[in-house]
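S.K.: Take this sequence and fold it.
(2 chains)
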Amino acid sequence: MDDKVIVRFAPSPTGFLHLGSARTALFNWLAARSRGGRFLLRIEDTDKVRSEQRFLDEILEDLRWLGLDWDGDPIHQSARFDLYRAKAEELVALGAAYREGEAILFRVAPGRTVAFDDLIHGRIAVETETIKDQVLIKSDGSPAYNFCCVIDDAAQGITHILRGDDHISNTPKQILFYEAFGWNLPRFGHMPLILGPDGSKLSKRHGGVSVTEYKAEGFLPAALSNYLVLLGWTPPGGREILGLREAAEIFRIEDMSGVQAKFDAQKLKWMNGEYVLKLPAGEFADLIAAQLRADGLDPNRLPPDRMVQAAEQYRIRIKTLREFGQMADFFFKDDFAREAEGWAKHLGTPEGRSALSLFADRLAGLDDWRHDAIEALCRDLAQEKGMKPAALIHPARLAVSGKTRGAGLFEIMELLGREAVLRRMKEAAQ
RNA sequence: GGCGCUAUCGUCUAGGGGUCAGGACGGAUGGUUCUCAGCCAUCAGACCGGGGUUCGAAUCCCCGUAGCGCUACCA
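M.R.: Residues are numbered from 1 along each chain as shown, chains lettered A, B, ... in the order given. I've put the predicted structure just below:
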């Protein structure tokens, strides 16, 4: 078993980090970290028109956010054009390539089979008849993708190339270049692409496709990376919730599936919920507060200790951080979202409103504003009036939170505070 | 069109000649509760089709079919 593993992730800074690319990065990172190897970055910015610094900044930020660290400084292809040209000239001198106008093309001789043993798919063979002469250097002087890819992989000493299935047909072309230079071949592994739920290529119309979007929606990096890693790889034993570090200990490229997987947003949500449950209370509250700010709500409307408690009330009920602001907006503003149907059902009738004002009047005299005292008062009142507690609870829940669902009413009341509770109940009872 | 990859519940998958074809997400039903979520208890749900090989095929082989990818002086 060869001991050194050097892999790379080579993003092109022409857009945001796509989930599929993130997954590729994840598996390369896993391959390196599982074998004490190196995980390098290479910026494929040969397209100077489409490449932008802001895209690169965001891609690197997203990688860090996901928990992927890389070794050494990234290399930029845009700074290596001279090298690519020199290497192309070498092939011209060797007679393996020729000039055509300003461009340099590689001659592909027919009548040969180019084969390689793919780490994931096994042996893949292609006839050179099906490969036409390859552009090395374009007429505008920039290098063609397959060529600079090979030059850099060789220069960086890459031992394992783990990339998407869409590169399978590039591999034989690249192998030809390695042969022309007399270089050793790296191992190749082609992993299937992630598909949208309908089986087509994952795209915007399936929902979020960039890591940034998931971050904004309140997904936890550990959950997103965990889910992505499960698409195409099953840990021995079948455990599904496992951290990156843990995964690195048992990951083997050979265990990866060669089957394309559909992206299941529901399972991602479930998994995120699992990670939300595991967060320490302080960290959870901080994340919730940050999410509220990002979504235009002011977490300071609640004192810090109540903020923590409010977050805890909803922890089991939310799958993403953003859902807290949607379910618990009434803690942070008075023009909170109201469910029209529930409002009509519980507060649209004289009985509902009178139950509410009865409850509110009684509450006004309560000294001990804690949830258990409020609950005792509510139940005593219901018994006294010969009604079900629910007849008091539902109108009050709507008045106070605007929602038919959510945390326990009495806990909500305690956290929201007497003043706001009584005010909202009285307003709704009008 | 040519070349290539793939094919187990709706989804992610385990299994790899003899299994009740296992798990997870989602779904359904019942219970608990002020609602929701959760929790508890159940349930439904799959080996793409056809030929071989074999005593026996989800598993091995071939052919179909379907999906996806590539077929650029994009990366």
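S.K.: Please pick out the residue of chain A most distant from its centre.
M.R.: Most distant residue from the mean C-alpha position of chain A: A:E384, 53.5 Å away (Cα atoms, centre = their mean).
S.K.: what sits up against the one helix or strand that residue maps to?
M.R.: Using DSSP states H and E, A:E384 maps to helix A:371-385. Applying Cβ atoms under 8 Å, 6 or more residues apart in numbering, the contact partners of helix A:371-385 are A:358-359, A:362-363, A:366, A:388-389, A:391-393, A:408, A:410-411, A:413-414. (C-beta placed from N, C-alpha, C; glycine too.)
S.K.: and RNA strand B, which of the residues you listed reach it?
M.R.: Among the contacts of helix A:371-385, proximity to RNA strand B is found for A:P389, A:I393, A:G408, A:F410, A:E411 (Cβ under 7 Å from any atom of the strand).
S.K.: Look at the fourth one and say how many residues are nearby.
M.R.: This points to A:F410. The number of residues packed near A:F410 is 19, by other Cβ atoms under 10 Å.
S.K.: Quick check: it is in a helix.
M.R.: Yes: looking at A:F410 with DSSP: H, G, I helix; E, B strand; the rest coil, it is inside a helix.
S.K.: Let me know the pLDDT of it.
M.R.: The model reports A:F410 with a pLDDT of 98.
S.K.: Next one, pLDDT for the residue nearest to it when sequence neighbours are not counted please.
M.R.: Distance criterion Cβ to Cβ, 6 or more residues apart in numbering; nearest residue to A:F410, sequence neighbours excluded, is A:H371 at 3.9 Å. If you check A:H371, the pLDDT there is 96.
S.K.: before we move on, the earlier item: now the helix holding A:E384: buried residues?
M.R.: A:I374, A:E375, A:L377, A:C378, A:L381, A:A382 (16 or more other Cβ atoms under 10 Å).
S.K.: one step back: out of the ones next to RNA strand B among the contacts of helix A:371-385, which one sits closest to A:V308?
M.R.: Taking Cβ to Cβ as the measure, A:V308 lies nearest A:E411 of these, at 13.0 Å.
S.K.: who's in contact with A:Y84?
M.R.: Counting by Cβ under 8 Å, 6+ apart, A:Y84 touches A:L136, A:I137, A:P143, A:F147, A:C148, A:I151.
S.K.: Go again with 10 Å.
M.R.: A:46, A:77, A:104, A:136-137, A:141-144, A:147-148, A:150-152 (Cβ atoms under 10 Å, 6 or more residues apart in numbering).
S.K.: Then A:I120?
M.R.: By Cβ under 10 Å, 6+ apart, the contact set of A:I120 is A:162, A:165, A:188-192, A:232, A:253-259.
S.K.: Grab the two from those that are most spread out in space.
M.R.: Between any two of the contacts of A:I120 (Cβ to Cβ), the greatest distance is 17.9 Å, for A:F188 and A:V259.
S.K.: more crowded one of these two?
M.R.: Using other Cβ under 10 Å as the criterion, A:F188 and A:V259 rank with A:F188 on top: 22 against 9.
S.K.: Confirm that that one lies within a strand, as I assumed.
M.R.: Yes: under three-state DSSP, A:F188 sits within a strand.
S.K.: how much space between it and A:L26?
M.R.: Plainly put, A:F188 is 18 Å away from A:L26 if you go by Cβ to Cβ, to the nearest Å.
S.K.: mind pulling up the phi and psi values for A:A222?
M.R.: Dihedral pair for A:A222: phi -60, psi -40, per degrees, to the nearest 10.
S.K.: Thought A:L66 was touching it, still the case?
M.R.: Yes: at 8.7 Å, A:A222 counts as touching A:L66 under the criterion of Cβ atoms under 10 Å.
S.K.: intersection of neighbour lists for the two?
M.R.: A:L244.
S.K.: A:E44 contacts A:Y145, doesn't it?
M.R.: Yes: the criterion here is Cβ under 10 Å, and A:E44 meets it with A:Y145 at 7.5 Å.
S.K.: hey, what's in contact with both of these two?
M.R.: A:A10, A:S12, A:Q77.
S.K.: tell me which residues form a beta bridge with the closest residue to the first one other than its chain neighbours?
M.R.: Nearest residue to A:A10 in three dimensions, chain neighbours excluded: A:R42, at 4.3 Å (Cβ to Cβ, 6+ apart). Judged by DSSP bridges, the bridge partners of A:R42 are A:I75.
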